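Trainee: Predicted model and sequence follow; I will ask about them next.
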2 protein chains.
Amino acid sequence: MDIEFTSQVEDAERVEWRRDQVVRAAVERFAINGYHGTTIKEIAETAGVSPGLIYSYVKDKEELLLLVFMIIFKKYQEEIPKQLEGLHDPLQRFCAAVRAYCESVGSNIGATVVGYQESKSLNAERRKIVKALELETNELIAGPVRECMKAGYFRSVNADLFTFRLVLFAHGWALKHWHFRDIITLEGYIEEGLDQFLHALLTPFGWQHWYSLIGAEEASRQQRAPKRRADPRKRK
Amino acid sequence: MDIEFTSQVEDAERVEWRRDQVVRAAVERFAINGYHGTTIKEIAETAGVSPGLIYSYVKDKEELLLLVFMIIFKKYQEEIPKQLEGLHDPLQRFCAAVRAYCESVGSNIGATVVGYQESKSLNAERRKIVKALELETNELIAGPVRECMKAGYFRSVNADLFTFRLVLFAHGWALKHWHFRDIITLEGYIEEGLDQFLHALLTPFGWQHWYSLIGAEEASRQQRAPKRRADPRKRK
DNA sequence: GAAAAATGAATGAACATTCGTTTAATTCCC
DNA sequence: GGGAATTAAACGAATGTTCATTCATTTTTC
């Protein structure tokens, strides 16, 4: 899904970095005081520009917020497929997708939190855009989940609901970052979560397959999950 | 934790129902357009009173928001202990606590969503109050979780983190209600979630205990129970 | 008929947005 | 190459609107 933004400035390259500069500042402020608690003047100061300049690159304040949403979704859409590249095993794809989603959240904590808290601040049309992007992104996770069920690795549960729980788990890192950053790393958070999700769904057959993956990898690293591209054997 | 609110009106009983009336209207509006997207005038209209009246019962708009938070926490603090009453078995207490938490969310969807989205709209001091209440409430869940670990029913994981996941799961019902109300009931949501959480944590000993509970209860009602136990092999 | 409640028009502060002006960059001409 | 002319960007003070809040007045209660 592509959305168009118009700008008073012609030079495409300039538009891009100015927008980036301004949106970055906006995220920074929004994350602290929320959308409504932040003035354009503050954003301008943070970005080191004048308030007027912002309106050369963005239609209104709300569009700035929409751009924050776009950042997050773009990251998902890029990172998850990239991490799945070359992986054919459903179980590996599942793990990789969840990790990629969480890592994306982890590198955009401010934006994720803003996204959670400010969807009501968008007008109806823009909310619709965001909702569509959200569902589109969910599919990146739901795909591997369904593959795992089809292969018999996961017992059969409501895939939509389960996907939603995975997504919420990922967002959780951002939502409670203030609480957890002191007691656990993102890696730890991911692996503990994955471990629990796997325990929740793996069938005996799934476990068998899982151990074959682990074994194939490296017994030395008898972690809970295979790190990256592990077993190249194709199943199916 | 008790917070006091002062009012220009003396009669305590009247104060209570007026506040209730106004806060109810506030939740209704906040849930649609958010805190900042809602005017006092709208709230007054929804409640069927004048804008001025609101200020006889509430210091300012923000206090109205704080009252919304109080509603949610009060519900948790009342419902969860009530549902745990008389239960001594850790596993039963765990399930009951999770169910009670979810049910509380279910009967206050609007307020829960508002709580999630508007914490940034409170000033620092009020945010602190809310944060404290949140941790206090989490303990109602964390308690049974720790009991289950101590009893050997749950394998040992980070209890704080796990509690947080349970809480997030409960909030999830409110956060994505628009999406899930059509495809699943709250009961279904709770039981599917519980089932997965149990699979994730129960030890072989825990499963044994679980089946003894189920058996002792009524075999007829076994859909709540997982069909198959997970692989008992210890990992890690 | 006093006191308590409730009203809603008036007030004033906050803030998004505009736009006339300034500054910088680029082009053109000799 | 340099200086004038043109165009593009950026600035930031001024504008107008939107509310939260107040309070003089009216209505209700006892």
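Mentor: Arrived safely.

Trainee: Sticking with the spatially closest residue to A:Asn123 that is not a sequence neighbour, tell me its helix or strand.
Mentor: Setting aside the residues directly before and after it, A:Asn123 is nearest to A:Glu62 in space (CB to CB, 6 or more residues apart in numbering or on different chains), at 6.7 Å. Where you see a C-beta, it was placed from the backbone N, CA and C, and this is true even at glycine. Secondary structure from DSSP states H and E places A:Glu62 in helix A:61-84.

Trainee: okay, that helix in PDB with CA atoms only?
Mentor: Provided in PDB are the C-alpha atoms of helix A:61-84 (Å, rounded to 0.1, in the frame of the first residue of the first chain):
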ATOM      1  CA  LYS A  61       0.400  18.400  12.100                       C
ATOM      2  CA  GLU A  62      -1.600  15.200  11.700                       C
ATOM      3  CA  GLU A  63       0.200  14.200   8.600                       C
ATOM      4  CA  LEU A  64       3.300  14.300  10.700                       C
ATOM      5  CA  LEU A  65       1.700  11.700  12.900                       C
ATOM      6  CA  LEU A  66       0.700   9.600   9.900                       C
ATOM      7  CA  LEU A  67       4.300   9.600   8.800                       C
ATOM      8  CA  VAL A  68       5.300   8.200  12.100                       C
ATOM      9  CA  PHE A  69       3.000   5.300  11.500                       C
ATOM     10  CA  MET A  70       4.500   4.800   8.100                       C
ATOM     11  CA  ILE A  71       8.000   4.500   9.500                       C
ATOM     12  CA  ILE A  72       7.000   1.600  11.600                       C
ATOM     13  CA  PHE A  73       5.100  -0.300   9.000                       C
ATOM     14  CA  LYS A  74       7.800   0.300   6.400                       C
ATOM     15  CA  LYS A  75      10.300  -1.300   8.800                       C
ATOM     16  CA  TYR A  76       8.200  -4.400   9.300                       C
ATOM     17  CA  GLN A  77       7.600  -4.800   5.600                       C
ATOM     18  CA  GLU A  78      11.300  -4.600   4.900                       C
ATOM     19  CA  GLU A  79      12.700  -6.500   7.800                       C
ATOM     20  CA  ILE A  80      10.500  -9.500   8.000                       C
ATOM     21  CA  PRO A  81      10.700 -10.600   4.400                       C
ATOM     22  CA  LYS A  82      14.400 -10.000   4.500                       C
ATOM     23  CA  GLN A  83      14.900 -12.300   7.400                       C
ATOM     24  CA  LEU A  84      12.700 -14.900   5.900                       C
END
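
Trainee: For the helix or strand just after that helix, name the packing helices and strands.
Mentor: Later in the chain than helix A:61-84, the nearest helix or strand by DSSP H and E is helix A:90-106. The helices and strands touching helix A:90-106, judged by 3 or more CB pairs under 8 Å, 6 or more residues apart in numbering or on different chains; DSSP states H and E, are helix A:61-84, helix A:124-150, helix A:159-175, helix A:186-201, helix A:204-217.

Trainee: Swap in 6 Å and give it another go.
Mentor: Applying 3 or more CB pairs under 6 Å, 6 or more residues apart in numbering or on different chains; DSSP states H and E, one finds that helix A:90-106 contacts helix A:61-84, helix A:124-150, helix A:159-175, helix A:186-201.

Trainee: how far is the second one from where the chain is centred?
Mentor: In other words, helix A:124-150. 11 Å (CA atoms, centre = their mean, to the nearest Å).

Trainee: In that helix, which residues are buried?
Mentor: For helix A:124-150, a neighbour-count test (16 or more other CB atoms under 10 Å in any protein chain shown) marks A:126, A:129-130, A:133-134, A:137-138, A:140-149 as buried.

Trainee: Tell me the residues of chain A that contact DNA strand D?
Mentor: Proximity of chain A to DNA strand D (CB under 7 Å from any atom of the strand) is limited to residues A:8-11, A:14, A:18, A:49-53, A:55-56.

Trainee: Flag whichever of those residues scores worst on pLDDT.
Mentor: Here the lowest pLDDT out of the residues of chain A next to DNA strand D sits on A:Glu10, with 68.

Trainee: From chain B, how far off is the most far-flung residue of chain A relative to its centre?
Mentor: Each residue of chain A has a distance to the centre, and by CA atoms, centre = their mean the biggest one is for A:Gly52: 32.3 Å. Distance from A:Gly52 to chain B, counting by CB to the nearest CB, to the nearest Å: 24 Å.

Trainee: before we move on, what about A:Phe169?
Mentor: 7 Å.

Trainee: and if you look at A:Glu147?
Mentor: Distance, A:Glu147 to chain B, by CB to the nearest CB: 19 Å.

Trainee: swap in A:Arg126?
Mentor: 13 Å.

Trainee: So what's the residue count around the closest residue to that residue other than its chain neighbours?
Mentor: Computed as CB to CB, 6+ apart, the closest residue to A:Arg126 that is not its neighbour in sequence is A:Leu66, at 5.3 Å. A:Leu66 has 22 neighbours, counted by other CB atoms under 10 Å in any protein chain shown.

Trainee: And A:Ile72, by the same measure?
Mentor: Neighbour tally, A:Ile72, other CB under 10 Å: 23.

Trainee: what do you get for A:Gln21?
Mentor: So A:Gln21, with other CB under 10 Å, has 17 neighbours.

Trainee: Okay, it and A:Trp207: tell me how far apart.
Mentor: 50 Å (CB to CB, to the nearest Å).

Trainee: for A:Leu161, same thing?
Mentor: 22 Å.

Trainee: And for A:Phe69?
Mentor: 39 Å.

Trainee: of the two, who's got more company?
Mentor: Neighbours per residue (other CB under 10 Å) separate A:Phe69 from A:Trp207, with A:Phe69 holding more: 22 against 17.

Trainee: tell me the contacts of that one?
Mentor: Contact analysis of A:Phe69 by CB atoms under 6 Å, 6 or more residues apart in numbering or on different chains lists A:Gly115, A:Val130.

Trainee: do A:Trp178 as well
Mentor: Counting by CB under 6 Å, 6+ apart, there are no residues that A:Trp178 touches.

Trainee: Can you give me the neighbour number for A:Ser50?
Mentor: Neighbours around A:Ser50, by other CB under 10 Å: 13.

Trainee: So it versus DNA strand C, what's the distance?
Mentor: Per CB to the nearest atom of the strand, to the nearest Å, A:Ser50 is found 8 Å from DNA strand C.

Trainee: any idea how far whichever residue of chain A sits closest to DNA strand D is from DNA strand C?
Mentor: Among the residues of chain A, A:Gly52 lies closest to DNA strand D, at 1.8 Å counting by CB to the nearest atom of the strand. Going from A:Gly52 to DNA strand C by CB to the nearest atom of the strand gives 4 Å.
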